[in-house]
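[1] here is a sequence together with a model predicted from it:
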Amino acid sequence: MDTRKLAYFVQIVDSGSITKAAAALHVAQPALSQQVSSLENDLKQRLLIRSKKGVEPTAAGHTLYRHAQMILRQVEQARQDVETSGATPSGRVSVAIAPYSMASSLAPQIISEVNRRYPDVVVHLTEIYGGVLSEAIKNGRLDMALIYEPGPIRGVQFTTMIVEDLYLVISPEAGIKAADGEISLRDVAGLGLFLPEKIHTLRQIVERGFDESNLRLRLMGEVESVPSLARLLRANLGAAILPRSAADALFHEEDFQVLRITGPALQSKIALCTPDHEPLSEAASAVLIILKEMLQNMMSQKYGQ
C-alpha cells in the first residue's frame, strides 16, 4: 500500500464514481480500477460497491477512507514542515466556527491578526455543525474549531474558553415585562422558539433543560442562518436562546430584549476543539495561540472575566 493508491481511493470515494475520479486525476479508468483492486488484494477486503449509479464504500472502505485522509494529511504536513523548518510559520490552517455563537463574529479579527503576525499563513474559515466538525477534526480535514462544547468525544480534545448563562432573545413587541432582566424557564416554555437543529449542542442544552424541568418545548422552527433568525425575531414570530455574548455579537444593531433565563439557569461552554491523536503543525499552533489570546481579551474587556 502506498500513498498514491490511498490518494486515488480518497478521490474515488469523494467523487462517488471511478469515471469522475479518473477524469479529476487525469488517470485512465482501467488503471484506476486496477489500483483499487490492488488495494483490495493487499487488505483482503472489498472496499467499494459498484453499481450503475457509481460506487459506495463498504464498511471496510469507510474505515480505510478515514485512515487514508489522516495519512495523506500527515504526509503533506511532513513535507511542509521539512520545507519550512527553521522559517516563520507558513501554510494553510483550517478553522471551523460554530454557528449561533459569538465566535462567528471573530472572523475579521482572526484574519487580521494572523496576517499581521504570520503573513505566510493562510486561514481557511468555515462554519459547521458540532457532530460533523468533530468527525472532520478526527479525520484531519480540519485543524481546530471554536464550538459549543458537547462533552467528551474520542479523537478530539476540548479546551474550555468561556462558560456563560443562556439568555432569551426576543422582539420588544412581544410585550415581555422583566424589569430585573430575567425570565423563568417556565415562562420561556410558553413562547415559541427558533433553535438550531438537533445536532447542534446549543439545541441539546436547551432540550435537556426543558426535560429536567418537566416542561414542553414549543419549537417554531429550526434556523441555522443568523440573518434569517434576525428577520424572524424582528417580525415577532418567536424567540431564540443564546449566550449573552452571542446575542450581543450577532444582533448588536438590533433592539431585541435579552433576558437571562433562571429557575433553573442554563449554561453553555465555548471551547477550542483540536485533535488528540497528532500534534498541530507549526502554523496551526501559532493560530491556536492567537485564538486563545483573542477570546481571553474579548471576554475580559466585555465582561470582566
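    Done, it's in. Numbers count the residues shown, from 1 in each chain.
[2] would you map the helices across the protein?
    Ranges of helices within the chain are 3-15, 18-25, 29-43, 59-83, 107-117, 130-138, 185-188, 201-212, 226-234, 244-250, 282-303, based on DSSP state H.
[3] okay, the angle between the first one and helix 18-25?
    An angle of 120 degrees separates the directions of helix 3-15 and helix 18-25 when computed by axes from the mean of the first three to the mean of the last three Cα atoms, to 10 degrees.
[4] which strand runs longest in this protein?
    strand 156-170 (DSSP state E).
[5] that one pairs with which strands, parallel or anti?
    strand 240-243 (antiparallel), strand 257-262 (antiparallel), strand 267-275 (antiparallel) (DSSP bridges).
[6] same list (these) but as CSV, adding mean neighbour count and mean pLDDT.
    Every residue, glycine included, has its C-beta placed from N, CA and C. CSV is the format used below for these (neighbours: other Cβ atoms under 10 Å; pLDDT from 0 to 100):
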stretch, mean neighbour count, mean pLDDT
strand 240-243, 26, 94
strand 257-262, 19, 95
strand 267-275, 21, 90
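[7] quick one: closest of those strands to residue 59.
    Closest approach to residue 59 among the strands paired with strand 156-170 (Cβ to Cβ): strand 267-275, 23.2 Å.
[8] so, low pLDDT: which residues of the chain?
    Filtered on pLDDT under 70, the chain yields the residue ranges 1, 84-87, 104, 128-132, 299, 301-305.
[9] what is the neighbour count of the nearest residue to residue 109 once chain neighbours are set aside?
    Computed as Cβ to Cβ, 6 or more residues apart in numbering, the closest residue to residue 109 that is not its neighbour in sequence is residue 294, at 6.0 Å. For residue 294, the count of nearby residues is 17 (other Cβ atoms under 10 Å).
[10] tell me who's in contact with residue 294.
    106, 109, 110, 113 (Cβ atoms under 8 Å, 6 or more residues apart in numbering).
[11] for the longest strand of the chain, buried residues please.
    The neighbour-count criterion (16 or more other Cβ atoms under 10 Å) identifies 156, 158, 161, 162, 164, 166, 167, 168, 169, 170 as the buried residues of strand 156-170.
[12] turn the residues you listed into a markdown table, columns for distance to residue 231.
    Below are those laid out as a markdown table (distance: Cβ to Cβ, whole Å):
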| residue | distance to residue 231 |
| --- | --- |
| 156 | 34 |
| 158 | 33 |
| 161 | 30 |
| 162 | 27 |
| 164 | 25 |
| 166 | 22 |
| 167 | 19 |
| 168 | 18 |
| 169 | 13 |
| 170 | 14 |
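[13] specify which member of these is nearest to residue 236.
    residue 170 (8.0 Å).
[14] ok, the residue nearest to that closest one when sequence neighbours are not counted - how many residues close by?
    Once flanking residues are discounted, residue 170 sits nearest to residue 239: 3.9 Å by Cβ to Cβ, 6+ apart. Neighbour count for residue 239, taken as other Cβ under 10 Å: 26.
[15] who does residue 239 bridge with?
    Under the criterion used (DSSP bridges), residue 239 bridges to residue 193.
[16] and the gap between it and residue 184?
    To residue 184, residue 239 is 14 Å away according to Cβ to Cβ, to the nearest Å.
[17] related to what we said a few turns ago, state the distance from the residue nearest to residue 109 to residue 267.
    To residue 267, residue 294 is 22 Å away according to Cβ to Cβ.
[18] ok, residue 100 to residue 267 distance?
    Distance from residue 100 to residue 267, by Cβ to Cβ: 15 Å.
[19] which pair of the buried residues of strand 156-170 spans the longest distance?
    156 and 170 (34.4 Å).
[20] contact partners for residue 190?
    residue 218.
[21] swap that for residue 14, please
    Residue 14 neighbours (Cβ under 8 Å, 6+ apart): residue 21.
[22] same thing but at 10 Å, please
    Contact analysis of residue 14 by Cβ atoms under 10 Å, 6 or more residues apart in numbering lists 20, 21, 24, 65, 69.
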